[in-house]
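Below: sequence and its predicted model.
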Amino acid sequence: MTQLNLFSAIRHENLVPLIGYCSERDQQILVYPFMSNGSLQDRLYGLTFLHTFAERCIIHRDVKSSNILLDHSMNAKVADFGFSKYAPQEGDSGASLEVRGTAGYLDPEYYSTQHLSAKSDVFSFGVVLLEIISGREPLNIQRPRNEWSLVEWAKPYVRESRIDEIVDPGIKGGYHAEAMWRVVEVALACIETFSAYRPCMPDIVRELEDALIIENNASEYMKSIDSIGGYSLGGSNRFSIKPPVLPTPPPTPPEPSPINPQSMASVAPR
């Protein structure tokens with residue numbers, strides 16, 4: 001009941017408001033307004049509000065694509081506060097009696113230590129970003145074993161700058177390379193193993209806003225080029241996700257070796 005009173009009083013344009021509940025026998029139902037465009041699974045200021053602008057930091061504990069709903073104008077709203085709780089205050093142990101969340105999105109540090117913080121939501125949000133980028137589920141045991149976890153599958157590609165390997169084939173060629181790089185970098189920072197290395201939600205929002213500005217500016221620029229009969233880049237209005245390859249300088253001729261190759265066979269190892 002305390003949680004119901006808490007979340008029925010919270011109002012923000014990027015949070016789905018709780019408008020009622022039903023508790024009868026074994027049925028407990030929360031009532032939210034209908035969101036005509038479904039969920040992100042089928043864009044996130046709400047988490048920033050919960051973490052920084054609410055009267056006291058609130059941790060959602062179950063951030064996932066199906067809990068980010070889209071209204072008729074495609075505005076994203078965070079929903080389902082059934083597992084949410086206040087962040088530990090100074091002097092609290094921070095330990096949670098029961099770990100809550102959804103497999104594939106759950107912060108591994110929170111799972112192993114039972115210590116909850118706002119950075120647990122940040123990890124889950126990083127997984128949501130990877131979902132959007134790749135078009136893959138966060139957990140799918142029908143795939144080869146090394147691809148079960150979206151996070152573990154994507155990390156090596158990102159660290160090797162092979163981002164084109166993880167981008168959803170359905171959107172390839174439909175984005176600006178620098179904007180995509182920024183979004184991927186944000187996602188990678190969010191899913192850091194140690195929570196201390198993860199960014200906070202206000203920083204994440206700023207980075208994503210910068211990426212959106214780059215993308216929008218590139219779109220306007222390419223429209224202006226098209227309107228004056230500009231050149232086409234392989235049928236796409238975007239750059240490749242791959243970083244530019246600089247020309248390799250010609251190799252320097254090797255210096256003559258003073259060692260007689262025939263003498264190498266007689267050198268004994270030390």
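That came through, no problem.

domains for the protein, by residue range?
1-87, 90-242 (automatic domain parsing).

and those, which one is worst for confidence?
Mean pLDDT across these is lowest at domain 1-87; the value there is a mean of 66.

And for the spatially closest residue to Ala189 that is not a sequence neighbour, the neighbour number?
Nearest residue to Ala189, sequence neighbours excluded (Cβ to Cβ, 6 or more residues apart in numbering): Pro199, at 5.3 Å. C-beta here means a position set from N, CA and C on the backbone, and glycine is covered the same way. Neighbours of Pro199 under the rule other Cβ atoms under 10 Å: 17.

which ones are touching Pro199?
Val122, Val186, Ala189, Cys190, Glu207 (Cβ atoms under 8 Å, 6 or more residues apart in numbering).

Take those and keep only those in helices.
Val122, Val186, Ala189, Cys190, Glu207 (DSSP state H).

Throw the residues you listed into a markdown table and include distance to Gly104 and neighbour count, thanks.
Below are these laid out as a markdown table (distance: Cβ to Cβ, whole Å; neighbours: other Cβ atoms under 10 Å):
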| residue | distance to Gly104 | neighbour count |
| --- | --- | --- |
| Val122 | 16 | 24 |
| Val186 | 19 | 21 |
| Ala189 | 19 | 16 |
| Cys190 | 14 | 25 |
| Glu207 | 23 | 16 |
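
Can you report how many residues neighbour Val128?
By other Cβ under 10 Å, neighbour count at Val128 equals 23.

Please disregard the earlier target; I meant Arg198.
That count, for Arg198 with other Cβ under 10 Å as the rule, works out to 24.

quick one: contacts for Ser124?
Ser124 touches His60, Asp62, Val63, Lys64, Gly101, Tyr105, Leu106, Asp107, counting by Cβ under 8 Å, 6+ apart.

That one and Glu131: what is the separation?
Look at Ser124 and Glu131: by Cβ to Cβ, to the nearest Å, they are 11 Å apart.

got it, and Val78?
For Val78, the distance to Glu131 - Cβ to Cβ - is 15 Å.

Then Leu208?
15 Å.

all helices in the stretch 51-200 of the chain, in order from the N-terminus.
108-113, 118-134, 150-159, 177-190 (DSSP state H, counting those that start in this stretch).

Any buried residues in the first one, and which?
Of the residues in helix 108-113, those buried by neighbour count under the rule 16 or more other Cβ atoms under 10 Å are Glu109, Tyr110.

just checking, what packs against that helix?
Contacts defined by 3 or more Cβ pairs under 8 Å, 6 or more residues apart in numbering; DSSP states H and E place helix 108-113 against helix 118-134.

follow-up on the earlier one: got CSV for the ones in helices among the contacts of Pro199, with distance to Gln114 too?
Conversion of these to CSV gives the following (distance: Cβ to Cβ, whole Å):
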residue, distance to Gln114
Val122, 17
Val186, 27
Ala189, 24
Cys190, 21
Glu207, 30
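
Of all pairs in those residues, which one is the farthest apart?
Val122 and Glu207 (12.3 Å; Cβ to Cβ).

quick one on the thing from earlier: looking at Leu208 and Glu131, which one has more neighbours?
Set Leu208 next to Glu131 and count neighbours by other Cβ under 10 Å: Glu131 wins out with 21 against 18.

How about the contacts made by the more buried one?
Glu131 neighbours (Cβ under 8 Å, 6+ apart): Gln41, Ser65, Glu137, Pro138, Leu150.

do Tyr157 as well
Ile163, Glu165, Ile166.
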